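Student: sequence and predicted structure are below.
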Number of protein chains: 2
Amino acid sequence: MRGLHSDTGYLLYRIGLRSGQLFNAFLQESGLRLRHYALLRYLTTTEGALQRELSARLGYDPSAIVGLVDDLEKLGFAERRPSPDDRRSRIVALTENGRAFLRDSHEAGRRATSDLLQPLDTAERDTLHTLLQRIAETELG
Amino acid sequence: MRGLHSDTGYLLYRIGLRSGQLFNAFLQESGLRLRHYALLRYLTTTEGALQRELSARLGYDPSAIVGLVDDLEKLGFAERRPSPDDRRSRIVALTENGRAFLRDSHEAGRRATSDLLQPLDTAERDTLHTLLQRIAETELG
DNA sequence: GGACAATAATTGTCGACGTCAATAGTTGTT
DNA sequence: AACAACTATTGACGTCGACAATTATTGTCC
């Protein structure tokens, strides 16, 4: 029996942790964390999303979404709007400030991932990305 | 600008979290967690390791190693032996019970990873493993 | 139409985790 | 002999992810 590094699942766990650390390091100066950033970037794909939807798509607990949107609202990067057809729901949407922040930080974000994938050449990175996306589609929805 | 799922680093982060969850689920009945399991499996690769060495190889803080070895000692899966040439150090080694536990749980462990990698065929799993190992060598030592 | 289940957001709690500072005991150096 | 470096340990702190409970609102069913 060999060490755990022979196990793909464990490698994913370890490298995933490291990747989160790199993301958080690049976000540090902005006062955001990876989860805020993920939420912001998800908002770019939609006009506005219910918190419920954010929870499902990002894989965070609904209770976690509350605090994240609170923080983003305080920074002026996102806002809650009342839903026209359901007074329970609130629609979360990017603000202009949020869009500007994403534009400015885009390069730094790419660099975080690029650091991690440094040992791989371009073709290998593509391969890795494709394989991971297949897993993500099945496992994370 | 697209969502974060287009970013390989973020995918690694998300899938890594999921992998850790699957491992912990399979370990639940044994009372261990992924970190204990990783330590146990590392011990199979060596006659005995200083806690300092475990910290470096597994990427856990030295203070975390203390608690993990405590737990494993209580369960009888590992033991601390005095180091002959340095009274500061303790050598951590697998016990016979520890070896038996690893034998018994080996299949379940493989299944946890196999579940996660289900969307991939054998060749793709090999490819993924190779790429991850390249990253791990550079990033994790 | 009225009772009741289901849903959206929120609050609070809990254990696990990663990081860091501080300490005691031991060794190496000069 | 004095002092720096190292090993294991303890303790503290903030973050993170999972869960239970609550409030307000909507949908369903008889």
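Tutor: Noted; the coordinates are in hand.
Student: is it true that A:T44 touches A:L94?
Tutor: Yes: counting by Cβ atoms under 8 Å, A:T44 touches A:L94, with 6.5 Å between them. Every C-beta, even on glycine, is put in place using the N, C-alpha and C of the backbone.
Student: of those two, who's got more company?
Tutor: The neighbour comparison of A:T44 against A:L94 (other Cβ atoms under 10 Å in any protein chain shown) goes to A:L94, with 24 against 14.
Student: now that one, nearest residue through space, not along the chain?
Tutor: With sequence-adjacent residues excluded and distances taken as Cβ to Cβ, 6 or more residues apart in numbering or on different chains, A:L94 is closest to A:L43, at 4.6 Å.
Student: now do the spatially most central residue of chain A against chain B, distance only.
Tutor: For chain A, the residue nearest the mean C-alpha position is A:A38 (2.2 Å; Cα atoms, centre = their mean). A:A38 sits 5 Å away from chain B, going by Cβ to the nearest Cβ, to the nearest Å.
Student: show me the contacts for that residue.
Tutor: Neighbouring residues of A:A38 by Cβ atoms under 8 Å, 6 or more residues apart in numbering or on different chains: A:58, B:4, B:10.
Student: residues contacting the second one?
Tutor: With contacts taken as Cβ under 8 Å, 6+ apart, B:L4 has the following neighbours: A:37-38, A:41-42, B:10.
Student: next helix or strand past the helix or strand of chain A with the lowest mean pLDDT?
Tutor: Here the helix or strand of chain A ranked lowest by mean pLDDT, DSSP states H and E is helix A:8-27, holding a mean of 87. Sequence order places helix A:34-43 as the next helix or strand after helix A:8-27, per DSSP states H and E.
Student: and the nearest residue to A:G31 once chain neighbours are set aside, how far from A:L68?
Tutor: Spatially, and ignoring its direct neighbours in sequence, A:G31 is nearest to A:L75 (7.1 Å; Cβ to Cβ, 6+ apart). Separation of A:L75 from A:L68 (Cβ to Cβ, to the nearest Å): 11 Å.
Student: no more questions from me, cheers.
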